[in-house]
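Visitor: pasted the sequence and its predicted model underneath.
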Amino acid sequence: MAFYCMCESLMTEMEAQSFTKTMTTFLPSLTTNSDLSNQSQSALCSQDLAPQMQKTINTTKNLSKKNSLKMRCINTNSKKEDNNGILLINKREENLFSSIKCNNISSKIFANFRARIATQNLYSYLFFTLFTILFSLLYFIVRHICLKTLLFSSKNLLKISSKSFERSTFLFIFLFIGTFTTLTMSQSHSSFFMPQTVWSNGGGGSQLYSPGGSLINHHQWQQKSTREIMLSVVKNISEATPVGEILLNFRAEDKSSPTYNLTYRISRETDPKRQFSIDQNGALRVAQLLDREDIPYYALRIEAFDQAGNIGAQYVDIYLQDDNDNAPRLETFPNPCIFMENTSPEQQPACEIRATDDDLEENGPPFNMSLAPEFQFRDYLDIQFDRSGDGGKGVMHVRPLREFDREDPDLPDKRFTIPIIVSDAKGKQRQQDVHIIIGDMNDNPMSDGHMDVLVYSYKGQLKKTIIGVPFVEDKDDWDIVDKSFQLIKSENQYFHLQEKQLVIDADLLEGTYELEVRVEDRVRSEKATSFIKVVVRPVPEFAFEKHATIRIEVDPFHSPTTSNQEAMDLAASLIREEHGEPSRVELFRREIETLSQSFVEIISLKPDDQILQRLSTKVVDLRFTARANEEYLDPIYLHGLIQRNKERLASVLRARILAIGVDMCKWTTCDNGCRTENRVDNGGVVIHANRTVIVGLNASAVDVCDCPAFIPKNECDRNVCFNGGVCHDTRPGTFCECRNSALTGFRCQGNTRSFDGRGFAWFKPMPACTSLNISLRFMTKQDGVLLYNGPMGDPKQDVLNYNDYILIYIEQGMLHAVLQFNGKEPVDLFIEQMVADGRFHRLTLSQQHKKLRLVLDDCTSIDSSSSSKSVQQSSNTCMMAKDAPDDDERLNIATPLQLGGLASLGAGSGALEEYPRAVRAHALANFVGCTRELIVNSDHYDLYRPVYVEQSVPGCSLFWGSVCSSNEGGSSDSSKISLSNSLDSNGGGGIVPSGITNFCYGHGECIVESMDQQVAKCECEPGWEGERCERSIEWIEFTTRDALLKFLLQVEPPYKDSRLRLLFLPGSSGSGQLASALSQSGPTASMRLDMVRFTTKATFDLSPQPINGQSMPVELELPEPKLNHSVPYFVDFRRTPASVQLSIDGQYSVHRDLDPDRDGLLFVPKHLYAGNQPGSSGFLGCFGKFYFNSIGMNLHLF
């Protein structure tokens, strides 16, 4: 007979403390190593955090917080009257979870408990105290009843369905519920069973259940106050479960909504390595290889949510059963084994090589060991295998065959490497190196030595740092205890000796310092001098922000390690000069200098840990900066450069480059967005290699759980304006004054870039967000790759390379997008419409969690006739939407975004073969054409200055010639062209400099819409107007609240794309209607812009006739920026069949996707209002420009 239980507790820290205090009043606790009952009749309990790890404990009523367990199992015999027990929560943790298995002769009991600490609430605390008293009394009432189901809800505090008590054993776990709780208990003879359990929230709601276990969970999906249901299914699986195998099937239903559209997902916090996935059919699968020795237990939170944000949740507790997947590991005993030099073999200590196995006992000993054929030291060591050694597990005995001289040049090494083949009882084997060290004695003379110390000080504020022992020439290196040190020359007070080690005091200034240290060997009566040169270089904050990183692996096969020592040894070997040759780090530095044509500095070498898909490994982080022409090169470029030359650089280092760039978001537990943040303090990391010492920055990388989206700055800093633009504070907000007329972005970005089919341009990678919106305009007549961001190299060859990628390309003239979110199959989206026609098109690729959508030209190309403008049109020709099969909801990419094509990797014509196979299959050729306005999550990429570029130029002159460079057709009277952008309309009259020949006179962007029809037009900057942007605007003022300008449209604009643009000065009122557009007849469809308490709001309503009694307007609001009454703003409100967007100054924006078939109603405006539409609140302020679509309204009617 078995019992299975899962309980969820939601309580505050105060409640958790009260729980302990209150429960000890009523029931005694269970503690380790004590008796279970008053009659000292103990039961055998096994603590089972991982199901196979057994630990015997006896329990009693003795109270002891010190020994109390976070989780307790209570085994009670109904014939005993005083066998009581409670659960204590003694530790403040956000999530406590454990599992206990208890056994007695007649039954087995399994229990899971979860406690979450929530925000402290006094009312919950009082309720909890009263509840625990009530529940304690209830415990004694039901103790002789077999509990099958406990049911809690907002309407029913407690329901019990019971039968007479069978046998004498039952399980009880205390439980506190804040708003709601579910506790399920049942009996079963099977190894896995989930009883029928019902949670009701009144009426017919939705259901989330596992058919395999009959778990039904009713929950109403209508919009209500946020509440969750948390139940648990227990599942035991082998760690060898193949990828793709279905573990459970879930189904969510909403009976109140026949057309419900529910989405399944796994909370990333409960599956940090993305080892499970759930598809939209509710099938829970294994997505990656499992490893019990890495993660033995998962509490997966399965969520089903609707479009209103209502969530149903269920936990799946997965325990991994052991598989014989680990070969034994070897280590010496003692560790390390040392044979001292100048000592006869008979006097050397015993040395053994023993094995351990991470698998369970049945998959472990006895072990078998044998020497590998490549063992080279048979003349020095005798190694014999003893099957009976180490308690029958098997052991190798190592004995020296001769007396050693550690400094003898004929001795192969100071550390003998022994390759051993070891296998467990079931034949799982590996080969591993173990090492025997030849110990040192003070038997060699010393002489003067030189030591170079290179110190990097973050912002020139290095803390007190211990450099290490001053170096002198001495073949002996273990004789430090025999030596004394005295500082005899120091240029200032910053240097001193502390316990034989050189110490640098805090805040040592930049410069070069010469030191001398007298060294005396008391045993050999010798003296020598250590000449030390210390070079201190500061690392400014902006230089650290531009550093690049590679992770170098400490070989785990030959030297498995549990400490940083192996990593420190690797770091020291990297900076050590050998046989008069430069160190490996110096060779690496020179290679990067050659590749980047820059000056490179290695600013840090630091041991660290790297999490892998299975277990983790030790690494050394090498951080460096590169500077050219007094500017630091972008780390995105440097990382891409290393990707292209990875094998070459790895051969120089003679080590494996495990990762390029430290990206903490691959294995993060962040459930939504994630970004990697590099941090540094004023400490130093010392790598000592005798003659060479490097004191590097103490830098580290952490994952931060937010979306790395563009956030406009409230005030100026060096990152606001691009390309030399001058930043001005507008309090709040910023404005960029551009010094290059070709740069028309609001932050002085370049908006266009051309490609000739041989090049590409690199930019920063896609952000790791669960919501993406990517847009790009392009013009071409050929197939080719438009955009790629993903692995630069085969991810199968590198466990740290991401599988995620995005590829956008044109094939057979049609637009395709392929995305992979760590899944086995990529998602392919395509539009069956010709785009290689020499005209500009706009693609929009959006992702919202699992939902992906590709849209062409905002669906404005849907065919419609003038006689049926209110009829919704099919979106099949302009849009495709799919759900990603894998439930990972963000792209995790650490390589440069490549626009216009793929960079070759390595050398040779077949360099593209290093890309993932699915990418190579579609990468027909690089792009030939022009691109415009690459925008990712409202971040306008600067196309003028990529981080790296080949065979590509800014602008589109490659394809529309000089039409935008000519001033032909411009105004002949240059004196009429004003350069003033003053609010004073009388301030114009400036003269265009004679050197300006730009078609738009330097005040706008020249655009040619087609390669075939080379007709230029200007898109003017907000402060300019005219066909060629030749006039500065003139402002008008609305002086009363009833002031307005009304326009009657005589020309019918495109009715699928509606856009209001306005340059305005808010004035002091802070509220009022800014502009509106109304339809011509019938129920009035409308678009309008409003200012509400110095924020901006936009509304459109294309179905004013009520649907089900309600109108369906769409509203967008921008809470930021808070508008300054004296600062002009350019607001842009655009609605297409596929989306709606509101933006201010090209920096602040909000976007919403629309369904063209549902929301794509046609809008034919007839009346336009600037200012107060009759019946609305008036606006007091100034207008500079007012556009509907491309039609400029004349604000000066008189």
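Guide: Yep, that arrived. Residues are numbered from 1 along each chain as shown.
Visitor: partner residues bridging Thr356?
Guide: Per DSSP bridges, the residues bridged to Thr356 are Arg329.
Visitor: what about it, how many residues nearby?
Guide: Using other C-beta atoms under 10 Å, Thr356 has 15 other residues around it. All C-beta atoms are positioned from the backbone trio N, CA, C, and that covers glycine.
Visitor: in this structure it contacts Phe333, no?
Guide: No - with contact defined as C-beta atoms under 8 Å, Thr356 does not reach Phe333; the gap is 10.8 Å.
Visitor: am I right that Leu248 is in a strand?
Guide: Yes - when classified by DSSP: H, G, I helix; E, B strand; the rest coil, Leu248 is found to be part of a strand.
Visitor: nearest spatial neighbour of it, skipping sequence neighbours?
Guide: Closest residue to Leu248 in three dimensions, ignoring its sequence neighbours and counting by C-beta to C-beta, 6 or more residues apart in numbering: Leu284, at 4.6 Å.
Visitor: quick check: which element contains the one you found?
Guide: Leu284 is part of strand 283-286, with elements assigned from DSSP states H and E.
Visitor: ok, that strand: who's next to it in the sheet?
Guide: Strand 283-286 has the following strand partners under DSSP bridges: strand 246-249 (antiparallel), strand 276-278 (antiparallel).
Visitor: and those strands as CSV, adding distance to Ser952, mean pLDDT and mean neighbour count?
Guide: As requested, those are arranged in CSV below (distance: least, C-beta to C-beta, whole Å; pLDDT from 0 to 100; neighbours: other C-beta atoms under 10 Å):
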stretch, distance to Ser952, mean pLDDT, mean neighbour count
strand 246-249, 47, 90, 17
strand 276-278, 38, 89, 25
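Visitor: now those in JSON lines, with distance to Gln812?
Guide: Compiled in JSON lines, the strands paired with strand 283-286 are given as follows (distance: least, C-beta to C-beta, whole Å):
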{"stretch": "strand 246-249", "distance to Gln812": "37"}
{"stretch": "strand 276-278", "distance to Gln812": "32"}
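Visitor: which of those strands sits closest to Leu815?
Guide: Shortest separation from Leu815 across the strands paired with strand 283-286 is recorded for strand 276-278, at 28.1 Å, computed as C-beta to C-beta.
Visitor: ok, and what's touching that closest one?
Guide: Taking C-beta atoms under 8 Å, 6 or more residues apart in numbering as the criterion, the residues outside strand 276-278 that touch it are 247, 250, 264-266, 284-287, 298, 300, 302, 318, 823, 885-888.
Visitor: separation between Phe722 and Pro1022?
Guide: Phe722 sits at a distance of 18 Å from Pro1022 (criterion: C-beta to C-beta, to the nearest Å).
Visitor: what lies in contact with stretch 590-603?
Guide: By C-beta under 8 Å, 6+ apart, the residues outside stretch 590-603 that reach it are 456, 537, 539, 543-544, 547, 582, 585, 588-589, 622-628, 633, 637-638, 641-642, 645, 648-649, 652, 694, 696-697.
Visitor: just the buried ones from these?
Guide: Of the members of these, the ones counted as buried by neighbours, 16 or more other C-beta atoms under 10 Å, are 456, 539, 543-544, 547, 585, 588-589, 622-626, 633, 637-638, 641-642, 645, 649, 652, 694, 696-697.
Visitor: so which of those residues sit within helices?
Guide: Using DSSP state H, the subset of the buried ones among the contacts of stretch 590-603 located in helices is 543-544, 585, 588-589, 637-638, 641-642, 649, 652.
Visitor: return the closest of these with respect to Leu934.
Guide: Checking those one by one against Leu934 (C-beta to C-beta), the nearest turns out to be Tyr637, at 17.3 Å.
Visitor: list the contacts of the closest one.
Guide: By C-beta under 8 Å, 6+ apart, the contact set of Tyr637 is 596, 762, 896, 947-948.
Visitor: okay, it and Phe305: tell me how far apart.
Guide: Using C-beta to C-beta, Tyr637 is found at 40 Å from Phe305.
Visitor: any idea how far Asp804 is from Val535?
Guide: In this view, Val535 and Asp804 are 42 Å apart by C-beta to C-beta.
Visitor: neighbour-wise, which of the two wins?
Guide: Neighbour comparison, Val535 and Asp804: the larger count goes to Asp804, with 25 against 13 (by other C-beta under 10 Å).
Visitor: which strands or helices does the helix or strand that comes right after the strand holding Leu284 pack on?
Guide: Toward the C-terminal end, the helix or strand that comes next after strand 283-286 (DSSP H and E) is strand 297-305. Judged by 3 or more C-beta pairs under 8 Å, 6 or more residues apart in numbering; DSSP states H and E, strand 297-305 is in contact with strand 206-209, strand 263-266, strand 276-278, strand 311-321.
Visitor: send me strand 297-305 as CSV with only the CA atoms.
Guide: Taking only C-alpha atoms (Å, rounded to 0.1, in the frame of the first residue of the first chain), the coordinates of strand 297-305 have been written out as CSV:
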residue,chain,number,x,y,z
TYR,A,297,15.4,16.0,-9.8
TYR,A,298,13.1,18.4,-11.6
ALA,A,299,10.0,20.2,-10.4
LEU,A,300,8.7,21.2,-13.8
ARG,A,301,6.0,23.9,-13.8
ILE,A,302,3.7,23.3,-16.7
GLU,A,303,1.6,26.4,-17.6
ALA,A,304,-1.4,26.8,-19.8
PHE,A,305,-2.4,30.4,-20.4
